[in-house]
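Trainee: Next come a sequence and a model predicted from it.
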Amino acid sequence: MIPFLKNSLIRGIIRRLLSTILTLWVGITICFFIIRLAPGDPTTRFLTPTQSTQTRDILRTRFGLDQPLPNQYFHWLARVGLHLDFGYSFLSGKSCASIMTSALKPTAFLTGTALIIALLLGISTGALAAINTGRLTDRILRSIMMVFLSVPAFWLGLIFIGFFSIKLGWLPSAQIRSLYYDQLSPLKQWLDTGKHLILPVLTLGLPLSANIYKYFRAEMINTLQSDFILAARARGINKSRIIWQYGLKNSLLPVISLIGIVIPALLSGALIIEVLFALPGIGRTMVTAVFSRDYPLIMAGVSLSFLVVVSCNLLADIVCLVIDPRAQNNSGKII
Amino acid sequence: MKISANHPLAIGCIIIFFIALFVIFGPLFTSYSQHSQNLAISLSSPSIQHPLGTDYYGRDVLTRLIYGGRISLGIAVFSAIIAVLIGTVLGLFTGYYGGFPDLIIMRFVDVMLAFPRLFIVLLIIGLGGSSIPALIWVIALFSWMEIARIVRSEVMSLKNRTYVKSARAQGFSVNRILFRHILPNTINPVIVATVLSISTIILVESGLSFLGLGVQPPNASWGSILNDAKIDPLGTWWLSVPAGFLILFSVIGFNLIADGITEELDPRKN
Amino acid sequence: MEQKDKNRPILSVSNLTIDYAFYRVGPFSAQHHAAVENVSFKVYPGDCFAIVGESGCGKTSILNAILGFVRPKNGAIFYNEQNLLTMARREFRLYRPEIQPVFQDFHNALNPRFRIIEILKESLRICSRKDISIEELIAVVGLGTDILNYFPHQLSGGQKQRIVIARALIPKPQLLLLDEPVSSLDITVAVQIIKLLKNLRKKENLTFLLVSHNLPIIRLLANRIAIMKNGHIFEEKPTEDLFETPEHPYTRALVNQALISCQSYQ
């Protein structure tokens, strides 16, 4: 840490770090018990009606399901907490960690790009609308964004697939890479992946950009109406400078905490889009795991997504804390 | 209040009015049952007998849209009501009493807000089995947090108003103070939050049903009708387009109503 | 009433200390700030006792403690020789009607959703007063029946404060706590309200505990004054003594200032 940063800043960060860890633990624990207390037996999947209950018992012992639930919980927690070992998938027998690492890449790609596009689009349109409040530009943007805000992402995806993939044949509608991917040169491989991701990213990014637009427009209008802007105008500073230097800068800060808030929505959106576009990401892995009651894999997925959410929140909090001196003196929350 | 001058509210109300007419009185105008199958006319395009064509099992899509709409909107409205009740009660008591319980409940709210909602609802419904009441409850249990936060912050400012203090000094009961003097004054933001949560719940339910985890056959919801259009979205446009537009317009309608109410309540306007 | 013995204090505050804890994240990392430290005073029946001090000196905290809105850290508050701080909640409720507040912030003193008549009726019902009609009640504070059907936002500040006073009278209080009762009003309206309060004190046999920063106004009403600063009371005297022989330099400055403004009023 830079030495001149105040003591209170470091204390603030440590406090947030501790409460984040607590949140993580409570959240994961809730999930663990929700999953285990739900009816159904994962061994059913491996048994044919003719097999005896003995086979079932053997399977249960092998999966560790014969233990009492609290024991299973502490066992799991200790393994994850001490060795980051999420166990082995019931279904495939592979280690959950390796399944998740390979699934993480498409999801990170998809959500990262979608977030960047949504931010660019949302902030630029939001600023444009705020500068032109009440005029035609604002009203047109408002109607378009209202549609994006309200559209079910998967339906948008369906229409995109129907139009761009099936009707025009321009873009692929499923998978992250083509069948002949391995034979392509590295550059072409990138292009191939990119081509596969255009539709999913747009499907995820456009509705999100409407959220950011709505938030940023309100924030910017608020800033532009505040006293220090009026004072700057009275001092005769020219209008575009006011908008860029004063308005935009001061409205960007709340966007950071907004990013922390939209991450859960982004992951939810990614889930349904990965299923729709058959991308081998975390969401799709999870849906399959849920259908087959693959407990270790579900828990690994839940822990991973929860970790992503809370660490993004933590990061957003810390960035706000560092940038905004006001946040340091107040109690724990910024929002 | 001049509603006519408030375009979002008026347009939103009109949209929701027509969608409500459609799902309530729709059955009077179709002669089909939503479940009656006829494989001979599977996936037939719109005709005079079937204005919006038929699905894989030869069921009339228009009829299924009407009954599916009842389910989609019903789930959204009931879930939102339950979420609002939970959120309001928790927000009211934590805001009024404060202290350690408040701290604990608000930390819990933080945890709940960190769950990707579709993710966790899918998990519970997927493992626990899907039924319409289960959907309503599970979605509601993951939708009350925002409302609790809003109500809590309102209550925290209201409880220090002098009329509340005077009421306490005169020995009014806590229930009377909470439900007669504080709650009615939090109602505006609660109404906006309720309307908004109806629209987000419509999206969550349709997403779940689209994944096949929401409303189960033979019942239909708008999301599950879209699931049938997965193979060829534009080729079988009578499956994808009307259901999509119904979801889109109900969500737009509720969003516009919420925007309109916010605008109406904006102090700068008066 | 036999309790209204002139020599027995109706309210006696002794060694009162109030501090506020600021919670940060957990309940364990509180920071404390003392608003009132070791304050003692006695109010006798029929008195109008005033506490004077600048804003933030802790005077409102004392009122909040008497009303049971704030739990003090130390000290005792005796009302008719009963310690309000140690009694059970149930018992405390019995004393509530006898001590009624009138606050400065009359804009928020009336629930904006109710008409005036509903506000008063509700209080009458809960305090089970059947011996007085609403018309008589508002006549006491010098208002006409025409305002009964108005909502609070349709009234002027002075009218609102009169309604607040009328409502405070409903439970037949012995002690009225006045927190800057006229500070937010125009001076002419303020003087009318002061006159009203003066008359009420005589007519209803009330005792006042008044809190204000405005010494000239207090002089019109109070017969004993305590000067408070930074959570301490350091001078307490009958009004005329205080104006004639102020001891502490701070008091002297206040009194001089007050005399100048009194002259300008006249």
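Mentor: Nice, thanks for sending it over.
Trainee: Return the helix or strand hosting C:Lys195 as CSV; C-alpha atoms alone will do.
Mentor: Assigned by DSSP states H and E, C:Lys195 falls within helix C:187-203. The C-alpha coordinates for helix C:187-203 follow below in CSV (Å, rounded to 0.1, in the frame of the first residue of the first chain):
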residue,chain,number,x,y,z
ILE,C,187,-41.5,36.4,15.5
THR,C,188,-45.1,37.6,15.6
VAL,C,189,-46.5,34.1,15.5
ALA,C,190,-43.9,33.1,18.0
VAL,C,191,-45.0,35.7,20.5
GLN,C,192,-48.7,34.5,20.1
ILE,C,193,-47.6,30.9,20.8
ILE,C,194,-45.6,32.1,23.8
LYS,C,195,-48.7,33.9,25.1
LEU,C,196,-50.8,30.8,24.5
LEU,C,197,-48.3,28.6,26.5
LYS,C,198,-48.3,31.1,29.3
ASN,C,199,-52.0,31.1,29.6
LEU,C,200,-52.2,27.3,29.4
ARG,C,201,-49.6,26.9,32.2
LYS,C,202,-51.8,28.9,34.5
LYS,C,203,-55.1,27.5,33.4
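Trainee: So which bits of the least confident helix or strand in chain C by mean pLDDT are buried?
Mentor: Of all helical and strand segments in chain C, the minimum by mean pLDDT, DSSP states H and E falls on helix C:249-265, at a mean of 76. If you call a residue buried by 16 or more other CB atoms under 10 Å in any protein chain shown, then helix C:249-265 has these buried ones: C:250-251, C:254-255, C:258. Heads up, the C-betas are built off the backbone N, CA and C, glycines and all.
Trainee: Equivalent analysis for stretch A:158-177, please.
Mentor: A:158-162, A:164-165, A:171-173, A:176-177.
Trainee: what do you get for stretch B:130-144?
Mentor: B:130, B:132, B:135-136, B:138-144.
Trainee: Which single one of those is nearest to chain C?
Mentor: Nearest to chain C, judged by CB to the nearest CB, of the buried residues of stretch B:130-144 is B:Trp144 at 23.4 Å.
Trainee: Is it correct that the closest one is in contact with B:Ile81?
Mentor: No - in this structure, B:Trp144 is not within contact of B:Ile81 by CB atoms under 8 Å, at 10.8 Å.
Trainee: any idea of the mean pLDDT in the helix or strand harbouring A:Thr23?
Mentor: Per DSSP H and E, A:Thr23 falls inside helix A:7-37. Here helix A:7-37 scores 83 as its mean pLDDT.
Trainee: That one: how far from the chain's middle?
Mentor: Helix A:7-37 sits 18 Å away from the centroid of its parent chain (CA atoms, centre = their mean, to the nearest Å).
Trainee: likewise stretch B:62-76?
Mentor: 13 Å.
Trainee: do it and chain A meet at all?
Mentor: No - Stretch B:62-76 stays clear of chain A (CB under 8 Å from any CB of the partner chain), getting no nearer than 11.0 Å.
Trainee: For that stretch, what does the pLDDT average out to?
Mentor: The model assigns stretch B:62-76 a mean pLDDT of 90.
Trainee: For chain B, which residues are neighbours of chain C?
Mentor: B:100, B:103, B:161-163, B:165-166, B:168-172, B:176, B:181, B:184-185.
Trainee: Now flag whichever of the residues you listed is closest to C:Glu91.
Mentor: B:Gly171 (12.4 Å; CB to CB).
Trainee: Which of the helices or strands spans that closest one?
Mentor: Per DSSP H and E, there is no helix or strand for B:Gly171.
Trainee: pretty sure it is touching C:Cys127, no?
Mentor: Yes - between B:Gly171 and C:Cys127 there is a contact under CB under 8 Å: 7.5 Å.
Trainee: picking that back up, close to chain B, is the helix holding A:Thr23?
Mentor: Yes - Helix A:7-37 is in contact with chain B by CB under 8 Å from any CB, via A:19, A:22-23, A:26-27, A:30-31, A:34-35.
Trainee: got the CA coordinates for the helix or strand just after that helix in PDB?
Mentor: Remark: after helix A:7-37, the chain's next helix or strand is helix A:53-63, criterion DSSP H and E. Provided in PDB are the C-alpha atoms of helix A:53-63 (Å, rounded to 0.1, in the frame of the first residue of the first chain):
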ATOM      1  CA  THR A  53     -30.400 -52.300  -2.900                       C
ATOM      2  CA  GLN A  54     -26.900 -53.600  -2.000                       C
ATOM      3  CA  THR A  55     -25.500 -52.000  -5.100                       C
ATOM      4  CA  ARG A  56     -27.100 -48.800  -4.000                       C
ATOM      5  CA  ASP A  57     -25.600 -49.000  -0.600                       C
ATOM      6  CA  ILE A  58     -22.100 -49.600  -2.100                       C
ATOM      7  CA  LEU A  59     -22.600 -46.600  -4.300                       C
ATOM      8  CA  ARG A  60     -23.800 -44.500  -1.300                       C
ATOM      9  CA  THR A  61     -20.700 -45.500   0.700                       C
ATOM     10  CA  ARG A  62     -18.400 -44.700  -2.200                       C
ATOM     11  CA  PHE A  63     -19.900 -41.200  -2.600                       C
END
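Trainee: what's in contact with the helix holding C:Lys195?
Mentor: C:46, C:48, C:140-142, C:156-158, C:161-162, C:165, C:169, C:178, C:181-183, C:185, C:206-208, C:217, C:220-221, C:265 (CB atoms under 8 Å, 6 or more residues apart in numbering or on different chains).
Trainee: Filter the residues you listed down to just the ones in strands.
Mentor: C:48, C:178, C:207-208 (DSSP state E).
Trainee: JSON lines please, covering the residues you listed and showing pLDDT, distance to chain B and neighbour count.
Mentor: Listed next are these as JSON lines, based on pLDDT from 0 to 100; distance: CB to the nearest CB, whole Å; neighbours: other CB atoms under 10 Å in any protein chain shown:
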{"residue": "C:Cys48", "pLDDT": "88", "distance to chain B": "19", "neighbour count": "23"}
{"residue": "C:Leu178", "pLDDT": "88", "distance to chain B": "13", "neighbour count": "24"}
{"residue": "C:Thr207", "pLDDT": "88", "distance to chain B": "16", "neighbour count": "22"}
{"residue": "C:Phe208", "pLDDT": "89", "distance to chain B": "15", "neighbour count": "23"}
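Trainee: Show me which helix runs longest in chain B.
Mentor: Looking across chain B with DSSP state H, the single longest helix is helix B:61-97.
Trainee: Give the buried residues for that one.
Mentor: B:61-73, B:75-76, B:78-80, B:82-84, B:86-96.
Trainee: immediately after that helix, which helix or strand?
Mentor: That would be, after helix B:61-97 and using DSSP H and E, helix B:99-114.
Trainee: Dump the ones in strands among the contacts of helix C:187-203 to JSON lines, plus distance to chain A.
Mentor: Shown next, in JSON lines, are those (distance: CB to the nearest CB, whole Å):
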{"residue": "C:Cys48", "distance to chain A": "41"}
{"residue": "C:Leu178", "distance to chain A": "33"}
{"residue": "C:Thr207", "distance to chain A": "40"}
{"residue": "C:Phe208", "distance to chain A": "38"}
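Trainee: Next, the nearest residue to A:Ile263 once chain neighbours are set aside: phi, psi?
Mentor: The shortest distance from A:Ile263 to any residue other than its chain neighbours is 4.4 Å, reached at A:Cys312 (CB to CB, 6 or more residues apart in numbering or on different chains). When quoted as degrees, to the nearest 10, the phi and psi of A:Cys312 stand at phi -60, psi -40.
Trainee: Near A:Cys312, how many other residues are there?
Mentor: 20 (other CB atoms under 10 Å in any protein chain shown).
Trainee: for the one 4 residues further on, same thing?
Mentor: The number of residues packed around A:Ala316, counting by other CB under 10 Å, is 19.
Trainee: ok, now C:Gly75?
Mentor: 19.
Trainee: Same question for C:Thr245.
Mentor: 11.
Trainee: Please compute how far stretch C:147-159 lies from its chain's middle.
Mentor: With CA atoms, centre = their mean, you get 22 Å for stretch C:147-159.
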